[in-house]
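Colleague: Build me a model from this:
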Amino acid sequence: MGSAKLLQYPNLFCTHQLIYPVFSRREKRIDDYIPDGPIGSMSPQNNHNMEIYPVTIQEDVNRTDDIPIALHPSLVDWATTDFSRYHFGNILTQRFNHKLYSIYIFNCTIHKLAFLKLAVERPTVGLLFMLSGVIHTQETLFPGTYSMHYLPKGEHKFKLKPGDYEIFGIDLSPALLEDLSGRNAQVKALLSDLASAREEPRRLEPLLIPYRLRAIIEEIRQSDETDGDLLMELTTMIANLLNFYRKGMSQKEYLRALPDNIYKEILISIREEISHDPNKLKHTVHYFTARHSLSDSTIKRAFKTYFGESLGAYVTKECMRKAAWLVTDPRLSLDDIAEELGYSEKSGFIRAYRRIHGKAPKQKD
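Modeller: The predicted structure follows:
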């Protein structure tokens, strides 16, 4: 797709874990980013709270700064970087620590089944974005989802099957979660777990990663700011991620409170898939009937009865909602946007946009 290069991540390899201390690609200290004053202050206990290493301690490891070219697009300028080769594959870890948050980016290429463990030095609450790969722990973590979790101090075992993994994780201080916890009992429970150092982990219900949230993660990756400007930019974008999480949880609660229906779970699943990344070409009645083993007439009738609008109308509405956001990006042409939304011809996209928004795309008020 023409716009895919701008709208999607590179094909990175990652997992939610960090490996045992390894060779740093560059000797960059976090203090280099910290100016004088409150914004730059950092807790000295906030360094490397989580480490990942093989369950078998005797595992041979080659710690090196020779990062494969295929992983170069995943490197960010503002993080310290570690890379290690094991007999089962490679693990690339990037991290950035601040008193209010720690950011972890993990990329893994696994060649054969690997049994690993995540060592957590202090109890933590954070957001975890599964961008690619399926991780098997006490529960399965699926790609394209994200959730908030509490992890106690200790070792947490998991396994990775052969494949590529990518995870973006953020440890969050209670100060960043104060407002959200006041509005959401589940987040409040996580902070209670943190305060009491609960021994069992807790993971809130996962949500699908919407396209705008993916864009924020990519903005964080691509940030080229330094010093205090970097801290302000990262802090602002993390606040935006938390706001999207708040909205996502509210939407989930709204959908869960809808009246019972024999097809309720299927209809909610359809609606969520469309809203999180709408595509006119992909999201057809035939696509959903095949996906859920229902007839065309059943899907069409049930969706319109339950949500008050046809499936086709909802797909168009969500495509145009995304279009209104995409047209603000000067890098994208109308051809790029039309292709991204699944329109075979730009003219069809423009007609739909004008019908929904009352004006042509990129036309100023």
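Colleague: quick one: the helices in the stretch 201-350 of the chain?
Modeller: Using DSSP state H, counting those that start in this stretch, the helices of the stretch 201-350 of the chain run over 211-222, 227-256, 264-276, 285-292, 296-307, 311-326, 334-340, 346-357.
Colleague: I'd like to know which elements the second one is packed against.
Modeller: If I follow you right, that is helix 227-256. Applying 3 or more Cβ pairs under 8 Å, 6 or more residues apart in numbering; DSSP states H and E, one finds that helix 227-256 contacts strand 101-110, strand 124-132, strand 163-172, helix 174-183, strand 207-208, helix 211-222, helix 264-276. C-betas here are computed from N, CA, C, even on glycine.
Colleague: returning to that earlier point: deepest-packed of the helices of the stretch 201-350 of the chain, please.
Modeller: helix 334-340 (a mean of 21; mean count of other Cβ atoms under 10 Å).
Colleague: so how far is that helix from its chain's centroid?
Modeller: 24 Å (Cα atoms, centre = their mean, to the nearest Å).
Colleague: Which other helices and strands does it contact?
Modeller: Helices and strands touching helix 334-340, as assessed by 3+ Cβ pairs under 8 Å, 6+ apart, comprise helix 4-7, helix 311-326, helix 346-357.
Colleague: ok, then the element right after the first one?
Modeller: If I follow you right, that is helix 4-7. strand 50-54 (DSSP states H and E).
Colleague: and that following strand, what's its mean pLDDT?
Modeller: Averaging pLDDT along strand 50-54 yields 75.
Colleague: cool, stretch 275-286 as well?
Modeller: The average pLDDT within stretch 275-286 is 96.
Colleague: From the chain's centre, how far out is that stretch? Work that out for me.
Modeller: 21 Å.
Colleague: show me the contacts for the closest residue in space to residue 170 that isn't next to it in sequence.
Modeller: Leaving aside its sequence neighbours, residue 170 sits nearest to residue 127 (Cβ to Cβ, 6 or more residues apart in numbering; 4.8 Å). Taking Cβ atoms under 8 Å, 6 or more residues apart in numbering, we find residue 127 in contact with 146-149, 169-170, 172, 241-242, 245.
Colleague: ok, back up a step: TSV for the helices and strands packed on helix 334-340, including mean pLDDT and distance to residue 217?
Modeller: TSV is the format used below for the helices and strands packed on helix 334-340 (pLDDT from 0 to 100; distance: least, Cβ to Cβ, whole Å):
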stretch	mean pLDDT	distance to residue 217
helix 4-7	38	12
helix 311-326	97	15
helix 346-357	95	26
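Colleague: picking that back up, with distance to residue 198 added, can I get the helices of the stretch 201-350 of the chain in a markdown table?
Modeller: Converted to a markdown table, the helices of the stretch 201-350 of the chain look like this (distance: least, Cβ to Cβ, whole Å):
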| stretch | distance to residue 198 |
| --- | --- |
| helix 211-222 | 28 |
| helix 227-256 | 21 |
| helix 264-276 | 30 |
| helix 285-292 | 38 |
| helix 296-307 | 39 |
| helix 311-326 | 39 |
| helix 334-340 | 43 |
| helix 346-357 | 48 |
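Colleague: quick one, which of those is nearest to residue 138?
Modeller: For residue 138, the closest of those is helix 227-256, at 21.7 Å, according to Cβ to Cβ.
Colleague: What mean pLDDT does that closest one get?
Modeller: On average, the pLDDT along helix 227-256 is 93.
Colleague: My guess is residue 191 contacts residue 174. True?
Modeller: Yes - if you go by Cβ atoms under 8 Å, residue 191 and residue 174 touch, sitting 5.6 Å apart.
Colleague: quick one: which of those two has more around it?
Modeller: It is residue 191, of residue 191 and residue 174, that has more neighbours when counted by other Cβ atoms under 10 Å, with 17 against 13.
Colleague: Assign the more buried one to helix, strand or coil.
Modeller: Following DSSP: H, G, I helix; E, B strand; the rest coil, we place residue 191 in the helix state.
Colleague: quick one: it and residue 219, what's the gap?
Modeller: Counting by Cβ to Cβ, to the nearest Å, the separation of residue 191 from residue 219 is 27 Å.
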